[in-house]
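Q: heads up, no residue letters with this:
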């Protein structure tokens, strides 16, 4: 029953239309053109083949071609080891190729009784027509003074060891159509499980028995693409193997996967369930016994099977997660919650399912990675998630039966993640350049704890201009001083062309340049101008000259002696003075500021020409 295999060898047949380009043509040559065939030999060998040669181990001597109802016998000759036909003459215009067969004369050219047909082109509608690109009939056009190549695919049939093969077919252009037989057994533990109404096994000739011939399906994948599917439902798995065909292309590295699905009891009914995959390349062999058939067994009742797959008789499906999604507020500090539906074909209850969260750069999943430590059904968005995209995933787990299902991710991301609701005392990130500033609550106001450091550094000898680019000075023209003390800015640059008190100016979004009145509110909360300076200054001598009178920084404002530039762009007073612009002008040429000095605990209020460059602090809107 299991001793067979077959090989179909591919050959490429090229249909040539030739012409003679002569200055003088007789009447016949004007009406007809030459036609010949070029035959590329197929290849030998094959999966589980028991033969060492193919159809073309015999010499091709001639071709029989039926064109427009007329039979042509065309001789074959060889060029460089490849067979070609001699040329025949056809009239210009459209013709139809109706039959195409290749023959060997068995080295008796004058005796046709022993001739052997080696290959033929299949007809449209025949069993193997799907395996060729252009089955017969084929229409072609003969054009004067042109040579045209028309590919004709022929099939070469070579029988294997299975005596009742029952096909008379041929083979394809540069493709080997291989055949592999399979037979399977199911080892059941309860006859009653397979005797229920609707069981596909009820009609088997020997009835329901502990070792049942398997009803199964094999899906054929070539390079991970489904090519065909075969099943043995028609004969309920009995009496003959399932013959699986697949097309192996010559000169192309093909990887094949033959996936096995068996019709088994699942829950209250029967379903095709995946059990096994055979993977091989081109003409590699699937392991098998001596009978030429790949035998498999579900269970242990057939120990001589080529493949034995553990099975209890009734398949218990893994749990499934569906409708996976996440919802919630997409702000840093807020939480997203995952959701899904749990199902199990056998009704097994849900156990402790596993959860994951993923972070990506965009909604298409670029650079997606699992978020470490995020293993609950909820996830609180972190600062690192800002501008990222987030999605939920679940691995369903059952209490009984097959415990763990496959991971399922939400099909869509949530994002981008936005900045969270701000609480003073938390850092604020300037989205323009990514710099982060600490903040401090002083009375009713929220202030930045560092001097602003935004913009492109220019030398102190250059004026800051209204050119659409924020420009800054760094003390002594050193960027490192900006990193420590912040930038120094002329008033017009601070205000970005505005004269409105409380404007955002060069502050981050949601913040503004403090007004003269807001500075007064600050110093009043700290006890008045006479003592507020000491409470605003950083303590110690790291950034202030001695004696840093009254410097306690009890307010948390952390003022540093950042110095200034004069009207000529010269730098002065590093560690001696801190000057802060307000957004309130006194007149068109000057604006109010606040000054803090190293040798006093006072805060001074002055107005200066706008061309001086001072430090800038920002206050929350």
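A: Here it is on my side, so go on. Remember, it's a predicted structure, so these values are computed and weren't measured experimentally. Numbers count the residues shown, from 1 in each chain.

Q: Tell me how many other residues crowd residue 588.
A: Close neighbours of residue 588, defined as other C-beta atoms under 10 Å, add up to 8. To be clear about C-beta, it is placed using only N, CA and C from the backbone, and glycine gets the same treatment.

Q: ok, now the one 4 residues further on?
A: By other C-beta under 10 Å, 22 other residues sit near residue 592.

Q: now the one 3 residues further on
A: Residue crowding around residue 595 was assessed by other C-beta under 10 Å; the count is 19.

Q: tally of neighbours for the nearest residue to it once chain neighbours are set aside?
A: The shortest distance from residue 595 to any non-neighbouring residue, by C-beta to C-beta, 6 or more residues apart in numbering, is to residue 604 (4.3 Å). By other C-beta under 10 Å, the residues close to residue 604 number 14.

Q: which residues touch residue 604?
A: 529, 594, 595, 596, 597 (C-beta atoms under 8 Å, 6 or more residues apart in numbering).

Q: What are the buried residues along whichever strand or helix holds it?
A: Residue 604 is part of strand 603-609 when elements are defined by DSSP states H and E. Going by neighbour count (16 or more other C-beta atoms under 10 Å), the buried part of strand 603-609 is 603, 607, 608.

Q: Mind checking the pLDDT average for stretch 211-221?
A: On average, the pLDDT along stretch 211-221 is 95.

Q: Now do the strands in the stretch 101-250 of the chain.
A: Assigned by DSSP state E, counting those that start in this stretch, the stretch 101-250 of the chain shows strands spanning 116-120, 138-142, 148-158, 175-187, 211-213, 216-222, 225-231, 242-249.

Q: Kindly provide the whole-number mean pLDDT of stretch 524-542.
A: The average pLDDT for stretch 524-542 rounds to 97.

Q: Flag every buried residue along that stretch.
A: 526, 529, 532, 533, 534, 535, 536, 537, 538.

Q: Burial check on the residue lying closest to residue 123 once chain neighbours are set aside, number of neighbours?
A: Sequence neighbours aside, residue 136 is the residue nearest to residue 123 in space, at 4.7 Å (criterion: C-beta to C-beta, 6+ apart). Neighbourhood size, residue 136 [other C-beta under 10 Å]: 21.

Q: what does residue 192 give?
A: There are 9 residues near residue 192, going by other C-beta under 10 Å.

Q: One more: residue 288?
A: Count around residue 288 with other C-beta under 10 Å applied: 20.

Q: for residue 379, same thing?
A: Counted with other C-beta under 10 Å, residues neighbouring residue 379 total 24.

Q: Hmm, it is touching residue 390, no?
A: Yes: counting by C-beta atoms under 8 Å, residue 390 is a contact partner of residue 379 at 7.1 Å.

Q: The spatially most central residue of the chain and residue 391, how far apart?
A: The chain has residue 365 as the residue nearest its centroid, 8.3 Å off, counting by C-alpha atoms, centre = their mean. Residue 365 is 8 Å from residue 391, where distance means C-beta to C-beta, to the nearest Å.

Q: Can you name the residues that contact residue 190?
A: Residue 190 sits in contact with 313, 314, where contact means C-beta under 8 Å, 6+ apart.

Q: so of the buried residues of stretch 524-542, which ones are in helices?
A: 529, 532, 533, 534, 535, 536 (DSSP state H).

Q: Output the residues you listed as CSV; include the columns distance to residue 280.
A: Supplementary listing: those in CSV, determined by distance: C-beta to C-beta, whole Å:
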residue, distance to residue 280
529, 88
532, 84
533, 84
534, 84
535, 81
536, 79
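
Q: Report the secondary structure state of residue 482.
A: helix (DSSP: H, G, I helix; E, B strand; the rest coil).

Q: Verify the stated contact: it with residue 456.
A: No: between residue 482 and residue 456 there is no contact under C-beta under 8 Å: 10.7 Å.

Q: which residues do those two both contact?
A: Common neighbours of residue 482 and residue 456 (criterion: C-beta under 8 Å, 6+ apart): residue 472.

Q: Between these two, which is the more surrounded one?
A: residue 482 (22 against 9).
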